[in-house]
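>>> coordinates only, sequence not included:
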C-alpha cells in the first residue's frame, strides 16, 4: 500500500467513531434526529428509554477530533413485524421477541460517505444474529440504500400499514434474513 492510500485510510478512520450511547447523551441524539428527521419528531424520552432497555443496540457516531455526535443508531428486538409506533415508549423488550429492529440509523451529511453506515451495520449484524430476521421502516426513499445491506420489502398487514402512515407516504417496511 502506498503512503497516499495509507493517509486516506487514516483520515477516514479518524473522521468518526461508533461508541455506546448513554442516557446523558440524549439531547445530542435528539439534535441529530431533528436535523435528519424534521418531519418525524420523537421525544427525548423515547430515545432514553430505548438506550436504557437495550444499550448494546444504541450507538453514537462521534467525530474523533471534537467528540461531537454526528450520528446514531437505535435498535432493539421486537416481535416479528410489530415495530413500535413513531414517538412511542416500549415499556419493555418483549420476552418473546423474535426479530431485530433498526429503529433509526441517522448520520449527518458532513460525515457521510466514509463507510460509517457499513461499520454500524457490521456491529448490528453481530447482535442481530440472535434473531432469524431484522426489519426496519425505510423513509425518505432510502429503500435502495437499505437494499445494499440485504433488505427488501415485506408484505404487511393492516396494523403495520397504519403504523407506516405515521412515518410518511413513502415509508416501507423492509426485512432481511440474518446469518446465523
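Cool, the structure landed. No experiment lies behind these values; they were computed from the predicted model shown. Numbers count the residues shown, from 1 in each chain.
>>> Can I take it that residue 87 is in a helix?
No. Assigned with DSSP: H, G, I helix; E, B strand; the rest coil, residue 87 falls outside any helix and is coil.
>>> and it, what pLDDT?
Per-residue confidence (pLDDT) for residue 87: 96.
>>> residues contacting it?
Residues counted as contacts of residue 87 (Cβ atoms under 8 Å, 6 or more residues apart in numbering) are 41-43, 46. Where you see a C-beta, it was placed from the backbone N, CA and C, and this is true even at glycine.
>>> go on, residue 157?
By Cβ under 8 Å, 6+ apart, the contact list for residue 157 reads residue 81.
>>> Buried ones among the contacts of residue 87?
42, 46 (16 or more other Cβ atoms under 10 Å).
>>> and the closest residue to residue 176 other than its chain neighbours, how far is that from residue 88?
Leaving aside its sequence neighbours, residue 176 sits nearest to residue 150 (Cβ to Cβ, 6 or more residues apart in numbering; 4.1 Å). Separation of residue 150 from residue 88 (Cβ to Cβ, to the nearest Å) stands at 27 Å.
>>> if we can go back for a sec, what helix or strand does the residue nearest to residue 176 sit in?
For residue 150, there is no host helix or strand (DSSP states H and E).
>>> Need phi/psi at it.
Phi and psi for residue 150, reported as degrees, to the nearest 10, are phi 90, psi 10.
>>> Switch the contacts of residue 87 over to TSV; also include pLDDT, secondary structure and distance to residue 74.
Formatted as TSV, the contacts of residue 87 follow (pLDDT from 0 to 100; DSSP: H, G, I helix; E, B strand; the rest coil; distance: Cβ to Cβ, whole Å):
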residue	pLDDT	secondary structure	distance to residue 74
41	94	coil	14
42	96	coil	9
43	97	coil	13
46	98	helix	9
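>>> can you put the contacts of residue 87 in CSV and add distance to residue 72?
CSV is the format used below for the contacts of residue 87 (distance: Cβ to Cβ, whole Å):
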residue, distance to residue 72
41, 15
42, 12
43, 15
46, 13
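>>> Measure how far stretch 23-33 is from the centre of its chain, please.
With Cα atoms, centre = their mean, to the nearest Å as the basis, stretch 23-33 stands 14 Å off its chain's centre.
>>> Quick one: mean pLDDT for it?
Mean predicted confidence for stretch 23-33 is 97.
>>> Please list all residues in contact with the nearest residue to residue 51 once chain neighbours are set aside.
Distances taken as Cβ to Cβ, 6+ apart put residue 58 closest to residue 51, at 4.6 Å, once the chain neighbours are dropped. By Cβ under 8 Å, 6+ apart, residue 58 lies in contact with 20-21, 50-51, 72-76.
>>> repeat for residue 79
Counting by Cβ under 8 Å, 6+ apart, residue 79 has contacts 94, 96-99.
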